[in-house]
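**Student:** coordinates for the following, if possible.
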Amino acid sequence: MPGSGRHRPSRARVALVTVVAVAAAALLGGCAGQEQSGSPAHRVSTWIDGGGGSGIGNVEVASRNVDLVLAKHNSPAAVREACALLSNEAQTSIGNLPAPDDQLTNQLNAAYLVATAAGDDCYHGSSGDARLLARSAAERARTLSLLAVAVQHIESVTGQVPTTETTAPPISGDPFSGNT
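**Tutor:** Got it, this is the predicted structure:
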């Protein structure tokens, strides 16, 4: 959101929007389709294939991209862009919830909320606030840990490693360098 002149929403507002989104998704869950019928393994597999898996992967990649831009000492604008992308990916992934498994829904919701906070803290710390950047780093590590637990749960339900593939960063390893 560089140059947009818009402020990032507060954590309380993000939490409220998240709760409303999850509640609305739960109410509309009856309209979902194939992930609502069959065995638990079938329902979770169908949900993963229908976008749940790529949501997990997108948040993982966005989190790692923040690490990359910070490690490469990119400009504050590039750091803000990566941080905003992490928050946006997390919020988009919340839109994939609920999963057809309550435990998985809770695990992913927790991961996505922490990822949103990580992106917000990073965004606000991008001009050099070491405290916010350190908090964001801890939140990103926590996000990846929470996502790993969710993926393990998916494996226990389906008996398979889920596909969480997404687009890989450019060859340079720096998604904001412009050198591909």
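
**Student:** distance of the residue of the chain most remote from its centre relative to D101?
**Tutor:** Distance from the C-alpha centroid of the chain, by Cα atoms, centre = their mean, peaks at G38 (27.6 Å). Noted for G38: a distance of 13 Å to D101, by Cβ to Cβ, to the nearest Å. Where C-beta positions appear, they are placed from N, C-alpha and C, glycine not excepted.

**Student:** can you show me the CA trace of stretch 113-122 as CSV?
**Tutor:** Below are the C-alpha coordinates for stretch 113-122, written out as CSV (Å, rounded to 0.1, in the frame of the first residue of the first chain):
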residue,chain,number,x,y,z
LEU,A,113,-4.4,-14.3,12.4
VAL,A,114,-0.8,-14.5,13.5
ALA,A,115,0.4,-14.0,9.9
THR,A,116,-1.8,-10.9,9.6
ALA,A,117,-0.3,-9.5,12.8
ALA,A,118,3.2,-10.3,11.4
GLY,A,119,2.5,-8.4,8.2
ASP,A,120,1.1,-5.4,10.0
ASP,A,121,4.0,-5.2,12.5
CYS,A,122,6.4,-5.6,9.6
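
**Student:** and that stretch, how far from the chain's centre?
**Tutor:** When distances are taken as Cα atoms, centre = their mean, to the nearest Å, stretch 113-122 is centred 9 Å away from the chain's centroid.

**Student:** same check on stretch 110-118?
**Tutor:** Per Cα atoms, centre = their mean, the centroid offset for stretch 110-118 relative to its chain is 7 Å.

**Student:** so the closest residue to the residue farthest from the centre of the chain other than its chain neighbours, which of the three states?
**Tutor:** Spatially, and ignoring its direct neighbours in sequence, G38 is nearest to T46 (7.5 Å; Cβ to Cβ, 6 or more residues apart in numbering). Three-state assignment for T46 (DSSP: H, G, I helix; E, B strand; the rest coil): helix.
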